[in-house]
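K.L.:
Take this sequence and fold it.
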Amino acid sequence: MSIVEICQWLQDTAWATSLRESELVFPLLEGSHLLGIAISFGTLLILDLRLTGLLFRYEAVSRLTRAVMPVSVAGFTWMFLSGGLLFASQAVKAWGSVYFRIKLALMLLAGINALVFELTLRRHVRDWDSEIIPPLRARLAGYLAITLWAGVICAGRTMAYNL
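P.N.:
Residues are numbered from 1 along each chain as shown. Got it, this is the predicted structure:
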């Protein structure tokens, strides 16, 4: 079974068809997906701007992390779930969109960036937690995260207008 056939099966399920054809649920889901993006990216942006050393220089990285990550995870969870439902409702069109594939690739790279940060830099955060300018690798992780998530948002919005 090809990916396109799986996408066709998914979007032909009764619940995906109902979602796609709903004049109320689909737009509400789309709007709440955008809200999830704003919450997730907005809170991560605070942390990433601290990692770059551009803003919040006098806040400890560990303190900001504790403050923003629960909200960011909640926003990301909602964004991911609502995005999955939106995908299911138009799976064939979405999969056929180059912007969707770019979005997925950028999300994968953002996830790898976060994983590398967690596995390598997080354990040493106490060494540079309160430094005004974090070490180069932390700054690079912050800049990369900002760039990748901005790309995810741009690709997603472009995809929405080209389906």
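
K.L.:
Now do the same contact list for residue 101.
P.N.:
The neighbours of residue 101, taking C-beta atoms under 8 Å, 6 or more residues apart in numbering as the test, are residue 95. C-betas here are computed from N, CA, C, even on glycine.

K.L.:
Phi first, then psi, for it.
P.N.:
For residue 101, the backbone dihedrals (degrees, to the nearest 10) come out as phi -70, psi -40.

K.L.:
Look up how far residue 155 lies from it.
P.N.:
According to C-beta to C-beta, to the nearest Å, residue 101 stands 9 Å off from residue 155.

K.L.:
again, but for residue 103
P.N.:
Separation of residue 103 from residue 155 (C-beta to C-beta): 4 Å.

K.L.:
and the host helix or strand of residue 148, what does it pack onto?
P.N.:
Assigned by DSSP states H and E, residue 148 falls within helix 136-160. Identification of packing neighbours for helix 136-160 by 3 or more C-beta pairs under 8 Å, 6 or more residues apart in numbering; DSSP states H and E yields helix 25-52, helix 98-116.

K.L.:
okay, those, which one's buried deepest?
P.N.:
Ranked by mean neighbour count under mean count of other C-beta atoms under 10 Å, those are led by helix 25-52, which reaches a mean of 18.

K.L.:
For the helix or strand bottoming out on mean pLDDT in the chain, what is the distance to the chain centroid?
P.N.:
The weakest-scoring helix or strand in the chain, judged by mean pLDDT, DSSP states H and E, is helix 125-128 (a mean of 90). Remark: helix 125-128 is offset 26 Å from the chain centroid, using C-alpha atoms, centre = their mean, to the nearest Å.

K.L.:
Can you pull out the low-pLDDT segments for the protein?
P.N.:
Applying pLDDT under 70 to the chain picks out residues 163.

K.L.:
make it 90
P.N.:
Applying pLDDT under 90 to the chain flags the ranges 122-123, 126, 130, 160-163.

K.L.:
thinking again about what came up before, can you state the direction angle for the helix holding residue 148 and helix 25-52?
P.N.:
160 degrees (axes from the mean of the first three to the mean of the last three C-alpha atoms, to 10 degrees).

K.L.:
May I see the buried residues of helix 136-160?
P.N.:
Residues of helix 136-160 classed as buried: 138-146, 148-149, 151-153, 155-156, 159-160 (neighbour count, 16 or more other C-beta atoms under 10 Å).

K.L.:
tell me which element residue 23 is part of?
P.N.:
Under the criterion DSSP H and E, no helix or strand holds residue 23.

K.L.:
Give the full set of residues in contact with residue 46.
P.N.:
Applying C-beta under 8 Å, 6+ apart, we find residue 46 in contact with 55, 56, 64, 68.
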